[in-house]
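J.: sequence plus predicted model, see below.
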Amino acid sequence: MSEAITTPVAALTGLRRSFTQGDITIEVLRGVNMQIMPGEIVALLGPSGSGKSTLLQAVGLLEGGFSGQIEIGGVVASALSASERTAMRRENLGFVYQFHHLLPDFNALENVVMPQMIAGANRADAEGRATELLGALGLSQRLEHRPSQLSGGEQQRVAVARALANRPRLVLADEPTGNLDEATSERVLGEFLSLVRGEGSAALIATHNERLAAKMDRVVRLHDGVLQPD
Ligand code: ADP
Ligand code: MG
């Protein structure tokens, strides 16, 4: 067999981002280099204000203002048009935020069905997939609950199911359990990681919790605007 060359799900080269406020410029990212391989779960550690969210927004193709190169699945994102970038995001990436950002007027099942239908799935398939994911997260009895009728931990589980609904190659999570108490945080993160592993997705998960980071495959630290491996 010939040697397989695996393409990273995400590759960052010389990524820079600064913010200017009045006459003060803060260089948040000063040349970040990173590759995430298929199925790899990477913890992004760094104190508050170190640039974790800024980095995730860059990888998520959610924000402009960056220099350097971002490749998703071997394709250079900056070479794409806005609509191609939207399609790239939809086809490859899933997002989990610190606050769930679920649609308040839709129940748990509908919140997980919706992104699949936007991506072109039919309703029956989307509902099957949503039921399966929510079931794997222990929410079989909560399918018809709206976000306001769910606990914080349950809301984040729905957000996890939604992020995985379209089988992303890479899940980006910004302090996904940062809003939960410690015991719930640990439990939800454990379920999140095993679901991501079971699906074979890669993930980049920002946290400032060392113990949670230790459960992932690899840890990178954001310090002085660059990434340092452990
Ligand atoms: P973290 O997620 O690690 O807490 P952030 O990426 O949110 O860090 O922020 C990193 C730094 O960039 C902070 O000093 C913050 O004040 C600054 N920053 C982030 N977003 C903006 C913005 N839109 N405008 C100006 N400064 C920003
Ligand atoms: Mg942040």
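T.: Here it is on my side, so go on. Ligands and ions are numbered 1, 2, ... in the order given.
J.: drop to CA atoms for contacts and neighbour counts, all remaining ones
T.: Noted.
J.: quick one: buried residues of the lengthiest helix in the chain?
T.: Counting by DSSP state H, the longest helix found in the chain is helix 182-199. For helix 182-199, a neighbour-count test (16 or more other C-alpha atoms under 10 Å) marks 185, 188, 189, 191, 192, 193, 195, 196 as buried.
J.: run a quick check on the fourth one versus residue 139, I expect a contact.
T.: No. Between residue 191 and residue 139 there is no contact under C-alpha atoms under 8 Å: 11.9 Å.
J.: who touches the longest helix of the chain?
T.: 39, 136-137, 153, 156-157, 160, 164, 167, 176-178, 202-203, 212, 216 (C-alpha atoms under 8 Å, 6 or more residues apart in numbering).
J.: show me those residues that map onto helices.
T.: Among the contacts of helix 182-199, the residues falling in helices (DSSP H) are 136, 153, 156, 157, 160, 164, 212.
J.: and the contacts of stretch 110-120?
T.: The contact list for stretch 110-120 (C-alpha under 8 Å, 6+ apart) reads 90-91, 102-103, 123, 126-127, 129-130, 158-159, 161-162, 165-166.
J.: any idea how many residues pack against residue 122?
T.: Residue 122 is flanked by 12 other residues according to other C-alpha atoms under 10 Å.
J.: who in this structure is up against ligand 1?
T.: With C-alpha under 6 Å from any ligand atom as the criterion, the chain comes near ligand 1 at residues 19, 28, 47, 48, 49, 50, 51, 52, 53, 54.
J.: just those: which are in strands?
T.: Judged by DSSP state E, the subset of the residues of the chain next to ligand 1 located in strands is 19, 28.
J.: need the max-distance pair from the residues of the chain next to ligand 1.
T.: The most widely separated members of those are 19 and 47, with 18.1 Å between them, by C-alpha to C-alpha.
J.: and the helix or strand harbouring residue 17, which strands flank it?
T.: Assigned by DSSP states H and E, residue 17 falls within strand 10-21. Paired neighbours of strand 10-21 in the sheet (DSSP bridges): strand 24-36 (antiparallel), strand 67-72 (antiparallel).
J.: thank you, goodbye.
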